[in-house]
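Participant: Mind folding the following:
(one chain, ligands or ions: 1)
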Amino acid sequence: MSYRVTFIPGDGIGPEVAWAARRCLDATGVAIQWDERLAGEAAIKQFQTPLPEETLQSIRDTRVAIKGPVTTPIGTGFRSVNVALRKALNLYACVRPCRTYAGVRSPFQHVDLVVVRENTEDLYAGIEFPAKDAQTVKLIAQLSEWSKQPIQPDAAISIKPISTTATERIVRFAFEYALSHGRKKVTAVHKANIMKFTDGLFMETSRRVAKTYEGRMAFEDRLVDATCMQLVLKPQEFDVLVLPNLYGDILSDLCAGLIGGLGVAPGANIGDGIALFEAVHGSAPKYQGMNKVNPVAMILSGVLLLQHVGEQEAAGRLEAAVERILREGKSVTYDLKADRNDPTAVGTREMTDAIIAQLKTVKVRV
Ligand code: NAD
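Facilitator: Sure thing, here's the model as predicted:
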């Protein structure tokens, strides 16, 4: 059986790590027809937009995509391509598994948790009003009157929508994911003691959905600040975490830190019938074109892709090959060495070659 997959190299270090993942996926022997499309800075040159319609259409057709990171200018310039992609394709669930691998330096061992982040609303919905704009001044006057709370007239405003519909959908997704992946517990994370309506709704909805899984899956809900502290004290106590968009974004980087850094943290954005796989890390522009960065986060995103299409044996083989190379610690990039200036560190391409060579020797049972 052959699969059609949209391949988006991205920009910055994107093309280097995306190609590493593509080479590994091809080396598993799974037949993939790649449909290469542009996004980000690379797309602007050709299409005058960072997210061309033909890229979106390709993903709508193939239903599966793998994407290298894309740069988002801070404060000014175009809005995030990643946010736009998630919105346009309704990829409402961001799934980021975090597990410790032998050989990857981390103060923690035996961490194996999954962050499930709501992807479509919250403060990331992109509903923002710039400071001192005429519309913003009017909005502030109206909000001050309705809420009886003074707001500084020179404030910028971001809106935080949290709906029952999106919360129910993401919490159900987290429970179904937990059940289908042999997980033991779902933890919903919020700040309902302060944001009584938005986070309060997230908490109430989570509790209501959890009741329908009673007896099948353990559940708890926790405040986001306490969760951060508990994560760095006892990360082994967590299993599947489900969070609104902003907390989910922050905690996924925190969890990547628990397992040794962004270089080994994969991810997936999933909607109804469509999935886009990408590393948690960004485009790290300062390393662009240097054949330096760690390809593992993207390669493990490729493992998630294989699992998603049902190629469990190939997924197991590729993950086992990555595990071996990490455990040996020889053919690894600078970030995985005890000393970042270790001259024995290899480049992105060479680490990928080593993983591909391992693939030929590993066998897994599914
Ligand atoms: P970043 O993840 O790109 O890099 C932060 C640091 O992490 C790097 O300087 C590097 O030291 C380390 N790092 C990241 N990836 C690594 C790898 N594969 N191997 C080794 N070290 C690695 O974060 P940033 O600097 O905050 O963001 C850069 C750009 O990427 C921004 O424009 C941001 O908006 C964008 N971004 C894109 C995505 C995405 O496309 N999904 C995600 C996050 C950030």
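Participant: what residues does the host helix or strand of residue 97 touch?
Facilitator: Assigned by DSSP states H and E, residue 97 belongs to strand 93-99. The set of residues external to strand 93-99 that reach it, using C-beta atoms under 8 Å, 6 or more residues apart in numbering, is 86, 111-119, 170, 173-174, 177, 248, 252, 255-256, 258-259, 265-271, 280, 304. All C-beta atoms are positioned from the backbone trio N, CA, C, and that covers glycine.
Participant: ok, that strand near the ligand or not?
Facilitator: No - Strand 93-99 stays clear of the ligand (C-beta under 6 Å from any ligand atom), getting no nearer than 9.8 Å.
Participant: Could you list the paired strands of that strand along with their orientation?
Facilitator: strand 112-118 (antiparallel), strand 268-270 (antiparallel) (DSSP bridges).
Participant: so how far is that strand from its chain's centroid?
Facilitator: How far strand 93-99 lies from its chain's middle: 6 Å, per C-alpha atoms, centre = their mean, to the nearest Å.
Participant: Could I get the contacting residues of residue 306?
Facilitator: Contacts of residue 306 by C-beta under 8 Å, 6+ apart are 25, 28, 30, 312, 314, 315, 318.
Participant: again with residue 63
Facilitator: By C-beta under 8 Å, 6+ apart, the neighbours of residue 63 are 273, 274, 275.
Participant: For the stretch 101-250 of the chain, which segments are assigned as strands?
Facilitator: 112-118, 128-129, 157-158, 185-190, 218-223, 240-243 (DSSP state E, counting those that start in this stretch).
Participant: For the ligand, which of those strands is the nearest?
Facilitator: strand 112-118 (12.3 Å; C-beta to the nearest ligand atom).
Participant: buried ones in the closest one?
Facilitator: 113, 114, 115, 116, 117, 118 (16 or more other C-beta atoms under 10 Å).
Participant: what does the domain assignment say about the chain?
Facilitator: 1-95+265-366, 107-121+161-258, 126-159 (automatic domain parsing).
Participant: before we move on, back to that, list only those of the contacts of strand 93-99 flagged as buried.
Facilitator: By 16+ other C-beta under 10 Å, the contacts of strand 93-99 give 86, 111, 113-119, 170, 173-174, 177, 248, 252, 255-256, 258-259, 265-271, 280, 304 as buried.
Participant: Residue 65: which of the buried residues of strand 112-118 is nearest?
Facilitator: residue 117 (18.2 Å; C-beta to C-beta).
Participant: For that closest one, which non-adjacent residue is closest in space?
Facilitator: residue 248 (2.5 Å; C-beta to C-beta, 6 or more residues apart in numbering).
Participant: Check the burial of the nearest residue to residue 80 once chain neighbours are set aside by counting its neighbours.
Facilitator: Distances taken as C-beta to C-beta, 6+ apart place residue 72 nearest to residue 80, at 4.3 Å, with adjacent residues excluded. Neighbours of residue 72 under the rule other C-beta atoms under 10 Å: 17.
Participant: residue contacts, residue 72?
Facilitator: Neighbours of residue 72 in contact, by C-beta under 8 Å, 6+ apart: 78, 79, 80, 81, 82.
Participant: just these that are near the ligand?
Facilitator: Okay, of those touching the ligand (C-beta under 6 Å from any ligand atom), that's residue 82.
Participant: Return the member of the contacts of residue 72 nearest to the ligand.
Facilitator: Distances from the ligand to these, taken by C-beta to the nearest ligand atom, are shortest for residue 82, at 4.6 Å.
Participant: Output the set of residues of the stretch 151-300 of the chain in proximity to the ligand.
Facilitator: 262, 263, 278, 281, 282, 283, 284, 286, 293, 294, 297.
Participant: What residue in the chain comes nearest to the ligand?
Facilitator: Closest point on the chain to the ligand, by C-beta to the nearest ligand atom, is residue 282, at 2.4 Å.
Participant: Leaving out sequence neighbours, find the closest residue to that residue.
Facilitator: Spatial nearest neighbour of residue 282, chain neighbours left out: residue 69 (4.8 Å); criterion: C-beta to C-beta, 6+ apart.
Participant: Quick check, that neighbour in contact with residue 279.
Facilitator: Yes - with contacts counted by C-beta atoms under 8 Å, residue 69 reaches residue 279, the gap being 6.4 Å.
Participant: okay, and the common contacts of these two?
Facilitator: Shared contacts of residue 69 and residue 279, counting by C-beta under 8 Å, 6+ apart, come down to residue 17.
Participant: Which residue of the chain lies farthest from its centroid?
Facilitator: residue 145 (39.2 Å; C-alpha atoms, centre = their mean).
Participant: Count the residues that sit near residue 29.
Facilitator: 11.
Participant: Can you give me the separation between it and residue 20?
Facilitator: 17 Å (C-beta to C-beta, to the nearest Å).
Participant: OK, contacts around the residue positioned nearest the centre of the chain?
Facilitator: For the chain, the residue sitting closest to the mean C-alpha position, by C-alpha atoms, centre = their mean, is residue 267 at 3.9 Å. Contacts for residue 267 (C-beta under 8 Å, 6+ apart) come out as 94, 95, 96, 252, 277, 278, 279, 280, 301, 304.
Participant: now residue 132
Facilitator: Taking C-beta under 8 Å, 6+ apart as the test, what residue 132 contacts is residue 154.
Participant: Mind putting the strands paired with strand 93-99 into TSV with mean pLDDT?
Facilitator: TSV is the format used below for these (pLDDT from 0 to 100):
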stretch	mean pLDDT
strand 112-118	97
strand 268-270	97
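Participant: my guess is residue 330 meets residue 345, correct?
Facilitator: No - in this structure, residue 330 is not within contact of residue 345 by C-beta under 8 Å, at 9.9 Å.
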